[in-house]
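S.K.: here are the coordinates; sequence isn't available:
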Ligand SMILES: [Cu+2]
């Protein structure tokens, strides 16, 4: 039995993928647009570790926050065209709100890692 160079290369690539993929690539980024004083959707379901990317497509400020016993963030003022990225590290259900527009509400359900969506 002989080992050809291409087999070695394939094995090397497979090894690299196996060792470098998990943490970095399995996390997803989910885009949620803010437009007309609303989030484009009222509910998203993600996995712990995922990042939600909020894009301000209005011509005025937003200010995102969530408050919960195990996770909180406050974006401060978010200018037009500014993107705020929020990583949700823990499972749970979170209400993302805007400090400037009280009717804005996005519910984020965060599943534990390893559970299907
Ligand atoms: Cu707002």
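M.R.: Nice, I can see it. Remember, it's a predicted structure, so these values are computed and weren't measured experimentally. Numbers count the residues shown, from 1 in each chain.
S.K.: Any buried residues in the helix or strand that contains residue 65, and which?
M.R.: In the assignment (DSSP states H and E), residue 65 maps to strand 64-68. Neighbour-count burial for strand 64-68 flags 64, 66 (criterion: 16 or more other CB atoms under 10 Å). Glycine gets a C-beta too; all of them are placed from N, C-alpha and C.
S.K.: Identify the residues contacting it?
M.R.: Outside strand 64-68, the residues that touch it by CB atoms under 8 Å, 6 or more residues apart in numbering are 54, 72-75, 78, 84, 86, 92, 94-99, 108.
S.K.: change it to 7 Å
M.R.: Strand 64-68 is contacted by residues 54, 72-75, 78, 84, 92, 94-99 when judged by CB atoms under 7 Å, 6 or more residues apart in numbering.
S.K.: On the pLDDT front, check the closest residue to residue 63 other than its chain neighbours for me.
M.R.: Nearest residue to residue 63, sequence neighbours excluded (CB to CB, 6 or more residues apart in numbering): residue 99, at 3.9 Å. Looking at residue 99, its pLDDT is 98.
S.K.: just the one 5 residues further on next, same as before
M.R.: On the pLDDT scale, residue 104 is placed at 98.
S.K.: Name the residue closest to the centre of this protein, please.
M.R.: Residue closest to the mean C-alpha point of the chain, counted by CA atoms, centre = their mean, is residue 51 at 1.7 Å.
S.K.: Isn't that one up against residue 85?
M.R.: Yes: between residue 51 and residue 85 there is a contact under CB atoms under 7 Å: 5.3 Å.
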